[in-house]
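1. here is a sequence with its predicted model. Questions after.
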Amino acid sequence: MSVPPGLEAKETTIMSNQGIKKTPIDFKAVYYLKLGKSGIWEESSIRENKLRIGWSGIDLDDINQGNWDRVRESVIREYATKGAGTRDFNALKTIVDSTPDDIWITFHADRMWWCRVGKPVVFEDQTSKYRELESPWCDRDRDGKTLRINDIPGQISKTRGFRATVSRVKEAEAIRRLLNNQPSHAYEVISSAEAELVKVVIDGIRHLHWRDFEILVDLIFRNAGWQRVTKVGGELKFIDMELMEPIIKERYQVQVKSSASLQDFRRYADQFNPSLFRRLFFIVHTPTDDLERYVPESETGVELVFPERLAQMVVDFGLVDWVLKKIK
């Protein structure tokens, strides 16, 4: 298993009896950094693996030699109030004092990026002052999953709204879980409850009258935004309904069975015409053993939907109450 860029230096892998196990990503503190005004340095910082900072008017030697009284005076002179100057000086010192034990995060191209700084020296090029990194900017977690803004917890993504150049992130534990791809306790509890709900919904579906089962399948597709273009259980010989996906107008067929064998499935599959329809969904809540073991070839355009997947859709589309009313 490959290690995501940015993990090689600080996070290594070790062998266990179960295979490859990654060392958890750990740190002492998390800081957010705005990479230049309006993000002007985001692209170059990430491309060149630098932690770019401002303070162009501050002498580089004073920073690297730790002449902090002189640096403080220089920073404060640039501000109308002493308080604003002090905050800016503290931000600079936080960057300079940071070690590889810290994590730095920023946001760019709809993703969260993170890194660790390297040797305790500030450099300067034609663009800005900067610190070199111990490991490259990385937009993935320990397992290689991209840290897309829309997929990460809101308590973390809100950080990009910080107005300060540097901010210590209070949600360090949330960042730790995110980088290590570890769910929160609340997530685990809810996921477990949902999994149990899906199991009992399967039993509930099997208690439906066959007519109600057909209506349930119709409701699932309609709640997903698809349009039915025939009556449920109409006069068409080999299908129970035809559906149309409303955006690209492709048509689908659906056959609903309370119980079915592999022979039943093949009889319907043989009637499917892929030149007229995108796919045939063969939906059954009680398949025989031979059908349950069967895996249809994907290129045939015929797809089996068994009770576990069906029950998950019932939960996802808010149809649990409907099922309850029908089996009470």
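-> Received the coordinates, thanks.
2. how about whatever helix or strand Val315 lives in: buried residues?
-> Here Val315, judged by DSSP states H and E, is contained in helix 307-316. Judged by neighbour count using 16 or more other C-beta atoms under 10 Å, the buried positions of helix 307-316 are 307, 310-314. The way it works is simple: take the backbone N, C-alpha and C, and place the C-beta from them, glycine included.
3. same check on stretch 117-136?
-> Quick answer for stretch 117-136 (16+ other C-beta under 10 Å): 117-118, 122, 128-131, 133-136.
4. end to end, how far does that stretch reach?
-> 9 Å (C-alpha to C-alpha, to the nearest Å).
5. just the mean pLDDT for that stretch, thanks.
-> Mean pLDDT, stretch 117-136: 94.
6. go on, stretch 280-294?
-> Averaging pLDDT residue by residue across stretch 280-294 gives 93.
7. so what's the backbone phi/psi at the residue nearest the centre of the chain?
-> Geometric centre of the chain, nearest residue: Asp151, 3.6 Å, by C-alpha atoms, centre = their mean. Taking degrees, to the nearest 10, you get phi -100, psi -10 for the backbone angles of Asp151.
8. how much space separates it from Met112?
-> 10 Å (C-beta to C-beta, to the nearest Å).
9. same check, this time on Tyr252
-> For Tyr252, the distance to Met112 - C-beta to C-beta - is 38 Å.
10. so which bits of stretch 93-111 are buried?
-> 93-96, 98, 100, 102-108, 111.
11. in this structure Glu242 contacts Gln255, no?
-> No - with contact defined as C-beta atoms under 8 Å, Glu242 does not reach Gln255; the gap is 10.8 Å.
12. so those two - more neighbours on which side?
-> More neighbours surround Gln255 than the other of Glu242 and Gln255, with 24 against 18 (other C-beta atoms under 10 Å).
13. after the helix or strand hosting the more buried one, which helix or strand is next?
-> Using DSSP H and E, Gln255 maps to strand 251-260. Counting by DSSP H and E, the next helix or strand C-terminal to strand 251-260 is helix 262-269.
14. just list what that next one packs against, helices and strands only.
-> In terms of contacts (3 or more C-beta pairs under 8 Å, 6 or more residues apart in numbering; DSSP states H and E), helix 262-269 is packed against strand 279-287, helix 289-293.
15. got the contact list for the shortest one?
-> By that I understand helix 289-293. 260-262, 264-265, 284, 304, 306 (C-beta atoms under 8 Å, 6 or more residues apart in numbering).
16. do the same with the first one
-> Contacts with strand 279-287, where a contact means C-beta under 8 Å, 6+ apart, come from 202, 205-206, 208, 213, 217, 239, 252-261, 265, 268-269, 272, 291, 301-307, 310.
17. quick one: buried ones out of those residues?
-> For these, buried by 16+ other C-beta under 10 Å: 202, 205, 208, 213, 217, 239, 252-258, 260-261, 265, 268-269, 272, 291, 301-302, 304-307, 310.
18. what segments of this structure are helices?
-> Secondary structure of the chain (DSSP state H): helices located at 42-48, 60-64, 68-77, 82-97, 154-157, 172-179, 185-206, 210-223, 262-269, 289-293, 307-316, 320-327.
19. worst average pLDDT in the ones you listed?
-> Looking at the helices of the chain, the bottom one is helix 154-157 with a mean of 86.
20. what sits against Lys34?
-> Applying C-beta under 8 Å, 6+ apart, the residues near Lys34 are 106, 162, 164-166.
21. mind running it again at 7 Å?
-> Counting by C-beta atoms under 7 Å, 6 or more residues apart in numbering, Lys34 touches Thr165.
22. got it, and the one 5 residues further on?
-> Each residue near Gly39 by C-beta under 7 Å, 6+ apart is listed here: His108.
23. tell me the domain boundaries of this protein?
-> 13-182, 187-327 (automatic domain parsing).
24. what's opposite Lys22 in the beta bridge?
-> Thr13 (DSSP bridges).
25. thinking again about what came up before, including distance to Tyr32, could the contacts of helix 289-293 go into CSV?
-> Formatted as CSV, the contacts of helix 289-293 follow (distance: C-beta to C-beta, whole Å):
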residue, distance to Tyr32
Ala260, 56
Ser261, 59
Leu262, 57
Asp264, 59
Phe265, 55
Val284, 52
Leu304, 48
Phe306, 46
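26. of the helices and strands packed on helix 262-269, flag the one that's most buried.
-> Among the helices and strands packed on helix 262-269, judged by mean count of other C-beta atoms under 10 Å, the one packed with the most neighbours on average is strand 279-287 (a mean of 22).
27. what pairs with it, and is each one parallel or antiparallel?
-> Counting by DSSP bridges, strand 279-287 is paired with strand 251-260 (parallel), strand 302-305 (parallel).
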